[in-house]
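Enquirer: Sequence and predicted structure, then a few things I'm wondering about:
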Amino acid sequence: MYTLMIALFVLGYAAIAFEHTIKIDKAASALITGVVLWAVYVLSGADIHDTEHHLLEHLSEISSILFFLLGAMTIVEVVDAHEGFSVITDRIRTNKPVVLLWILAWLTFFMSAILDNLTTSIVMVSLLRKLIKDQNMRWLFGGVIVIAANSGGAWSPIGDVTTTMLWIGGFVSTGNIITYIFLPSVAVLLAPLLYLTFTLKGSIERPDETTPSESHDPVSQRDKMTALLVGVGGLLFVPVFKTVTHLPPFMGMMLSLGIMWVVTDLLHRRKTAETRSEFGVLGVIRRIDTPSVLFFLGILLAVASLQTAGQLRDLAGVLDTSIGTTTEPGIYLVGGIIGLLSAIVDNVPLVAAAMGMYDMVPGTFFAQDDFFWKYLAFTAGTGGSVLIIGSAAGVAVMGLERIPFGWYLKRISFLALLGYFAGIAVYAIQRWIIFG
């Protein structure tokens, strides 16, 4: 059972990677993989009641991510339907790809720290569609957006789910996370940007402007600004709601969606039924990319099965026993490997396994706010960019832009690795300067 589950996971992973070759959508492969792995686990002799308990426990976490994703995608789609993002894109005049890349990358980096990497990536994909017509150029920008979103989220307690886990668990504090991870995170984005500055050629062509249908009223400037302010304000409200109430982020997202729904209904209450259907949440929600949500579900179910069956816990244990974490080089190596593994099997269970393996012992590398936990937050948050399905931001961009796994592997993975190792180098230099 143990080996069979790993083999099936690898097989499902390969089907996702080669979806364009085998002509089977990645969402179908992910769903089949997720369900089959759980079926194999329970049929191998696992107690059905324990299995059901673990499955439902994982499902609560998975559902919170899916509802968060649905809410964010709907809010962004409503803003887009009202042409709200044109308020931003109309102010970006450049047709030089390098200039535009730097603007969007750093905008993503800082937005991700305030919102989170998943929400930010969804917003930025909508902006890309308004700014870049060529698909390959848009995919390249999308890949850099993934790197920027993950690196920006890593240095903020609310920017990435693994950093949030360590922060809520008391392993790291807000001040230390920002102080020690900010510069390495900057390096993660700066390295690929510098590389592309000297290699990216061509010019940017804007998409053709769409004219409103005769049956629909044109969107007024007031409606554009209202949709943008309510939408972005609602997204910014989510981390505040979480901090104040300690409820899961999807609750804040659902509240923001509800408010957005009321506001748009009031904006268009005197207009035709066709116009209300075009711009209201009821009409917009029908255009949400459901296959991307189902792909998320399948991937997270598959990873959860490996976590329940023990493969991920054993993997963390093997790293600890074979390399060791009693020396600085050992921690650099273990943390670096965990970051790269998070690109394959998701960083949440790997970080959860590490949190369960090590106690916060004062005077060691594992004390609160000490070397291991801060370094783990950095590597687990940024290493997922190496593969497009290695992070929530990557999966979202992959689904929304239909970026093939193989294309990302050829064009973006090198850039992500370049940034990842540059970030580790900056972290090591920074630690040497501070502690000698």
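Expert: Noted; the coordinates are in hand.

Enquirer: what residue ranges in the protein score low on pLDDT?
Expert: The chain contains residues with pLDDT under 70 at 168-169, 209-218, 346, 348-349, 353, 356-357, 436.

Enquirer: again, only this time at 50
Expert: Within the chain, the set of residues satisfying pLDDT under 50 comprises 214-215.

Enquirer: Name the single longest helix found in it.
Expert: Longest helix of the chain, by residue count under DSSP state H: helix 48-81.

Enquirer: so what does it touch, helix or strand wise?
Expert: Helix 48-81 sits against helix 26-43, helix 117-131, helix 221-245, helix 249-267, helix 273-279, helix 281-284, helix 290-309, with contacts defined as 3 or more C-beta pairs under 8 Å, 6 or more residues apart in numbering; DSSP states H and E. Yep, even glycine has a C-beta here, placed from its N, CA and C like the rest.

Enquirer: Any chance of those helices in TSV with mean neighbour count and distance to residue 97 as columns?
Expert: As requested, those are exported to TSV (neighbours: other C-beta atoms under 10 Å; distance: least, C-beta to C-beta, whole Å):
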stretch	mean neighbour count	distance to residue 97
helix 26-43	20	28
helix 117-131	25	10
helix 221-245	17	25
helix 249-267	19	33
helix 273-279	17	32
helix 281-284	18	31
helix 290-309	22	26
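
Enquirer: Mind checking these for the one nearest to residue 153?
Expert: helix 117-131 (3.6 Å; C-beta to C-beta).

Enquirer: Just want the angle from the closest one to helix 290-309.
Expert: 160 degrees (axes from the mean of the first three to the mean of the last three C-alpha atoms, to 10 degrees).

Enquirer: Just give me how far helix 117-131 sits from the chain centre.
Expert: Averaged C-alpha coordinates place helix 117-131 at 12 Å from its chain's average position (C-alpha atoms, centre = their mean, to the nearest Å).

Enquirer: what's the angle from it to helix 249-267?
Expert: Relative orientation of helix 117-131 versus helix 249-267 (the same axes, to 10 degrees): 40 degrees.

Enquirer: Following element in sequence after helix 117-131, please.
Expert: Counting by DSSP states H and E, the element after helix 117-131 in chain order, helix or strand, is helix 135-154.

Enquirer: Show me what that following helix is packed up against.
Expert: helix 97-114, helix 117-131, helix 174-199, helix 371-382, helix 392-401, helix 405-411, helix 413-435.

Enquirer: returning to what we had before: how about the helices and strands packed on helix 48-81 in CSV, adding distance to residue 433?
Expert: Below are the helices and strands packed on helix 48-81 laid out as CSV (distance: least, C-beta to C-beta, whole Å):
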stretch, distance to residue 433
helix 26-43, 44
helix 117-131, 28
helix 221-245, 31
helix 249-267, 36
helix 273-279, 54
helix 281-284, 50
helix 290-309, 37
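
Enquirer: Quick one: closest of those to residue 15.
Expert: Comparing these by C-beta to C-beta, helix 26-43 comes nearest, at 3.8 Å.

Enquirer: Dump the closest one to CSV, keeping only the CA atoms.
Expert: What follows is helix 26-43, C-alpha atoms only, in CSV (Å, rounded to 0.1, in the frame of the first residue of the first chain):
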residue,chain,number,x,y,z
LYS,A,26,-5.4,18.2,-15.6
ALA,A,27,-8.5,18.6,-13.4
ALA,A,28,-9.7,15.1,-14.4
SER,A,29,-6.3,13.6,-13.6
ALA,A,30,-6.1,15.4,-10.3
LEU,A,31,-9.6,14.3,-9.2
ILE,A,32,-9.0,10.7,-10.1
THR,A,33,-5.6,10.7,-8.4
GLY,A,34,-7.0,12.2,-5.2
VAL,A,35,-9.9,9.8,-4.9
VAL,A,36,-8.0,6.7,-5.9
LEU,A,37,-5.3,7.3,-3.4
TRP,A,38,-7.8,7.5,-0.6
ALA,A,39,-9.5,4.4,-1.8
VAL,A,40,-6.2,2.5,-1.9
TYR,A,41,-5.5,3.7,1.6
VAL,A,42,-8.8,2.5,3.1
LEU,A,43,-8.8,-0.8,1.1
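
Enquirer: Show me the contact partners of that helix.
Expert: Residues from elsewhere that reach helix 26-43 (C-beta atoms under 8 Å, 6 or more residues apart in numbering): 1, 4-5, 8-9, 11-13, 15-16, 19, 48, 51, 55, 291-292, 294-295, 297-302, 304-306, 308-309, 405.

Enquirer: Likewise for stretch 70-83?
Expert: Outside stretch 70-83, the residues that touch it by C-beta under 8 Å, 6+ apart are 85, 118-119, 122-123, 126, 219, 223-224, 226-228, 231-232, 234-235, 250, 253-254, 256-257, 260, 264, 278-279, 281, 283-285, 287-289, 293.

Enquirer: next one: it to chain centre, how far?
Expert: In terms of C-alpha atoms, centre = their mean, the centre of stretch 70-83 is found 18 Å from the chain centre.

Enquirer: Please tell me how far residue 56 sits from residue 50.
Expert: Going from residue 56 to residue 50 by C-beta to C-beta, to the nearest Å gives 11 Å.

Enquirer: ok, now residue 320?
Expert: 26 Å.

Enquirer: Between these two, which is the more surrounded one?
Expert: residue 320 (16 against 11; other C-beta atoms under 10 Å).

Enquirer: That one and residue 334 touch, don't they?
Expert: Yes. With contact defined as C-beta atoms under 8 Å, residue 320 reaches residue 334; the gap is 6.8 Å.

Enquirer: circling back to that earlier point, of all the helices and strands packed on helix 135-154, which one is nearest residue 25?
Expert: helix 392-401 (10.5 Å).

Enquirer: Mind listing residues that contact that closest one?
Expert: For helix 392-401, the external contacting residues (C-beta under 8 Å, 6+ apart) are 65, 69, 112, 117-118, 120-122, 125, 128, 138-139, 142-143, 145-146, 149-150, 153, 161, 289, 291-292, 295-296, 299, 384-385, 387-389, 403, 405, 408.

Enquirer: how does it look with 6 Å?
Expert: 117-118, 121-122, 125, 142, 146, 149-150, 289, 292, 295-296, 388-389 (C-beta atoms under 6 Å, 6 or more residues apart in numbering).

Enquirer: Residue 174: which of those is nearest?
Expert: Proximity of those to residue 174 (C-beta to C-beta) peaks at residue 117, which lies at 17.4 Å.

Enquirer: Show the contacting residues for that closest one.
Expert: Residue 117 touches 149, 150, 153, 160, 393, counting by C-beta under 6 Å, 6+ apart.

Enquirer: Serialize those to CSV and add fields for distance to residue 366.
Expert: Converted to CSV, the contacts of residue 117 look like this (distance: C-beta to C-beta, whole Å):
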residue, distance to residue 366
149, 29
150, 25
153, 24
160, 21
393, 29
